[in-house]
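Undergrad: below is the sequence, then the predicted model.
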Amino acid sequence: MTEEDIRAVFINELVKIAPDLDAQDIGEDERLQDDLGLDSMDILNLVAALHKAFGVSIPEPDYPKIATTRLAVSYLQEMQA
Amino acid sequence: MAIFTLPSLGSDMEAGTLVEWLVSPGDRVSRGDVVAVIETQKGAIEIECYEEGTVHALMAETGEELPVGAPLAILLAPGEAPPDDTAELRSDTTPAAPSIVKPKLQQTPAAPLPFEEVRASPAARLRARELNVDLKDLSGSFPGGGIVLADVEAVSARGSATSSKPSPMAEMRKAIGASMARSKQTIPHFYLSHMIDVQPAMDWLAEHNKAVSPAERLLSGALFVRCAVLAAEKVQELNGHYVNGAFQPSESVNAAIAVALRGGGLVAPALMDANRLNLSETMDGMRDLVSRARSGRLRNSEMTEGTITISSLGETGAEAMAGIIFPPQVALLCIGAPQIRPWVVDGDIVPRRVVTLTLSVDHRVSDGRLAARFITEFETRIKDPDSL
């Protein structure tokens, strides 16, 4: 999967969890919780969705590593390699 | 034969707009079936049927704004034959009673009604009142001459077309404000606060979540709700409804979970029979409630049958809040976000994760001693997460 593919899947799952977000408007460095308003339930649902989509089970101590789109894409890329 | 009326939508909502019928005449319905969807100030709510039978006729149109108690449909009991004429029922039923009422069938459909000068549907009456339109000046288009919503709307459209609908967010804020003002005016609140050590529970949770796949992980909120439910089961004076000057304790604990909506606003749908759910079922139930609260698919029973409210401030943020009780309930527990604080454990000062519980209680029903018992129950449970 290319970086672009990973980003597309990540954004797609994110928008499914927070349907009021516009995929076009999500900034690379916007923080999921502080800027986009996701709560702990949303983050858990997102992690479960990413597990399904990428087969990567993100442990709780790694949650800060997916705090923004930029961080998450590079993390997922690394974990898939 | 029975008339199915619009049931209560929660203490802060008096009306809603019918957006969808999920049954048609001839359909069989059972207790608990979802028969219609009503748009309210707090999003769409699925309306459940409380009787078993066959739908004979629908009495409300989609798009109509209906007060609580407005007739929705005529139900025939199993095996019952349909009546001859039901058109009269529409104008004959007053929208006051919030439950199933037995209809009075007009024997002679053409005769004027004895107690109503003008025949009009509940929605038409409501709209006419809002628009300051006198129903006597209108002619009805419903079979038999009854005035329906469209007749009133038509008149208002001819008049000044300046009225603009306020935004849904403003409407929700208005509903919350009205309900909370009523609560503060009628319920003598008192508050009890206590800080407790949740480090053992947090360590237990981290271990648990390390060993399972993301879909099976638990949130600390689920542990807190489970502890609150067990405490509510023990201290019955905090779990139930205050209705008509008396407290009615509830055997089941329907935990109303305060859910912040993205973009603002708040709903507190109930996790029904939460005392019968184990920890992972509690988590699944909360996940389901939160997702349906956000997509606008809550049921009217979930909006009205909560017996105690639990409001969690989340995993980071403020440490305490004194909440306002959601009537007709008599207690609300607010759980602050966990904070790391110096704490004394076995004589040593160590950093520990602590949360502050703040219990809001109705003084008409209980006092500080019982509130303290609730907090103690909660604390005993959270110290021993294996028992949850």
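TA: Structure's in. What do you need?
Undergrad: and the most centrally placed residue in chain A, how far from B:Glu46?
TA: Nearest to the geometric centre of chain A sits A:Phe10, at 4.9 Å (C-alpha atoms, centre = their mean). Distance, A:Phe10 to B:Glu46, by C-beta to C-beta, to the nearest Å: 32 Å. Using the backbone N, CA and C atoms, a C-beta is placed for each residue, glycine as well.
Undergrad: cool, B:Gly140 as well?
TA: From B:Gly140 across to B:Glu46, the span is 31 Å (C-beta to C-beta).
Undergrad: what's the answer for B:Leu388, then?
TA: Distance of B:Leu388 to B:Glu46, computed by C-beta to C-beta: 31 Å.
Undergrad: likewise B:Thr5?
TA: To B:Glu46, B:Thr5 is 16 Å away according to C-beta to C-beta.
Undergrad: and B:Met202, by the same measure?
TA: According to C-beta to C-beta, B:Met202 and B:Glu46 sit 36 Å apart.
Undergrad: neighbour count winner among those two?
TA: More crowded of B:Met202 and B:Glu46, by other C-beta atoms under 10 Å in any protein chain shown: B:Glu46, with 21 against 18.
Undergrad: wait, is that one part of a helix?
TA: No. Assigned with DSSP: H, G, I helix; E, B strand; the rest coil, B:Glu46 falls outside any helix and is strand.
Undergrad: residue of chain B nearest chain A, please.
TA: Nearest to chain A, among the residues of chain B, is B:Pro214, at 4.1 Å (C-beta to the nearest C-beta).
Undergrad: shouldn't that residue be in contact with A:Ile58?
TA: Yes. Using C-beta atoms under 8 Å, B:Pro214 makes contact with A:Ile58 at a distance of 6.9 Å.
Undergrad: shared neighbours of those two, anything?
TA: A:Val47, A:Leu50, A:His51 (C-beta atoms under 8 Å, 6 or more residues apart in numbering or on different chains).
Undergrad: drop anything exposed from those.
TA: Listed as buried from the shared contacts of B:Pro214 and A:Ile58 are A:Val47, A:Leu50; burial here means 16 or more other C-beta atoms under 10 Å in any protein chain shown.
Undergrad: closest one to B:Asn300 out of the shared contacts of B:Pro214 and A:Ile58, please.
TA: A:Val47 (32.9 Å; C-beta to C-beta).
Undergrad: which residues of the chain fall in helices?
TA: Let's take chain A. With helices called from DSSP state H, chain A shows them at A:3-17, A:40-54, A:69-80.
Undergrad: hm, I was asking about chain B
TA: Going by DSSP H, chain B shows helices at B:89-92, B:122-131, B:149-158, B:168-186, B:199-211, B:220-234, B:279-295, B:300-304, B:368-382.
Undergrad: turn those into JSON lines, including distance to B:Ser311 and mean pLDDT.
TA: Output for the helices of chain B, formatted as JSON lines (distance: least, C-beta to C-beta, whole Å; pLDDT from 0 to 100):
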{"stretch": "helix B:89-92", "distance to B:Ser311": "42", "mean pLDDT": "49"}
{"stretch": "helix B:122-131", "distance to B:Ser311": "33", "mean pLDDT": "72"}
{"stretch": "helix B:149-158", "distance to B:Ser311": "38", "mean pLDDT": "72"}
{"stretch": "helix B:168-186", "distance to B:Ser311": "13", "mean pLDDT": "87"}
{"stretch": "helix B:199-211", "distance to B:Ser311": "19", "mean pLDDT": "96"}
{"stretch": "helix B:220-234", "distance to B:Ser311": "10", "mean pLDDT": "97"}
{"stretch": "helix B:279-295", "distance to B:Ser311": "13", "mean pLDDT": "92"}
{"stretch": "helix B:300-304", "distance to B:Ser311": "16", "mean pLDDT": "92"}
{"stretch": "helix B:368-382", "distance to B:Ser311": "14", "mean pLDDT": "97"}
